[in-house]
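J.: Sequence first, then the predicted structure, then my questions.
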Amino acid sequence: MKPLAARVAKERGLPSTDYRDVIHALKKEQFTGEDILPAYEKTLASIEDIIRKNHLLTLPERLAIIEIASAAESAQSPAPHMHPPSAQQSR
């Protein structure tokens, strides 16, 4: 954890390399509102590009479905709600 925190702190110009301080700083940069979905879609596209370029596995031809949770759902489970394509649909 320490080496990763030091690397992140250096890349982001953070004053402290202590992992607790780095995590605290990263939490201040959270996405909100309408910025969330485009960020997830961009990240997913980048991951899929890496998978395709390196022939890691075969991806389905349809896009994954990413839904933004309601405030109540986020309070219960603060994570993205993604529904990956099923294996049968990718054949």
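T.: Looks like it arrived, so ask away.
J.: next helix or strand past the lengthiest helix in the chain?
T.: Longest helix of the chain, by residue count under DSSP state H: helix 36-53. Toward the C-terminus, helix 36-53 is succeeded by strand 65-67 as the next helix or strand (DSSP states H and E).
J.: For that following strand, which strands pair with it and how are they oriented?
T.: Next to strand 65-67 in the sheet, as set by DSSP bridges, lie strand 81-83 (antiparallel).
J.: In the longest helix of the chain, which of the residues would be classed as buried?
T.: Within helix 36-53, the residues scored as buried using 16 or more other Cβ atoms under 10 Å are 36, 40, 44. Where you see a C-beta, it was placed from the backbone N, CA and C, and this is true even at glycine.
J.: export that helix as PDB, just CAs?
T.: In PDB, the C-alpha atoms belonging to helix 36-53 read as follows (Å, rounded to 0.1, in the frame of the first residue of the first chain):
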ATOM      1  CA  ILE A  36     -20.600   9.900 -13.200                       C
ATOM      2  CA  LEU A  37     -22.000   8.000 -16.200                       C
ATOM      3  CA  PRO A  38     -19.700   9.500 -18.800                       C
ATOM      4  CA  ALA A  39     -16.700   8.700 -16.500                       C
ATOM      5  CA  TYR A  40     -17.800   5.000 -16.100                       C
ATOM      6  CA  GLU A  41     -18.400   4.700 -19.900                       C
ATOM      7  CA  LYS A  42     -15.000   6.200 -20.700                       C
ATOM      8  CA  THR A  43     -13.200   3.900 -18.300                       C
ATOM      9  CA  LEU A  44     -15.100   0.800 -19.500                       C
ATOM     10  CA  ALA A  45     -14.200   1.700 -23.100                       C
ATOM     11  CA  SER A  46     -10.500   2.000 -22.100                       C
ATOM     12  CA  ILE A  47     -10.600  -1.400 -20.400                       C
ATOM     13  CA  GLU A  48     -12.300  -3.000 -23.400                       C
ATOM     14  CA  ASP A  49      -9.600  -1.500 -25.700                       C
ATOM     15  CA  ILE A  50      -6.900  -3.000 -23.600                       C
ATOM     16  CA  ILE A  51      -8.700  -6.400 -23.700                       C
ATOM     17  CA  ARG A  52      -9.100  -6.300 -27.400                       C
ATOM     18  CA  LYS A  53      -5.500  -5.100 -28.200                       C
END
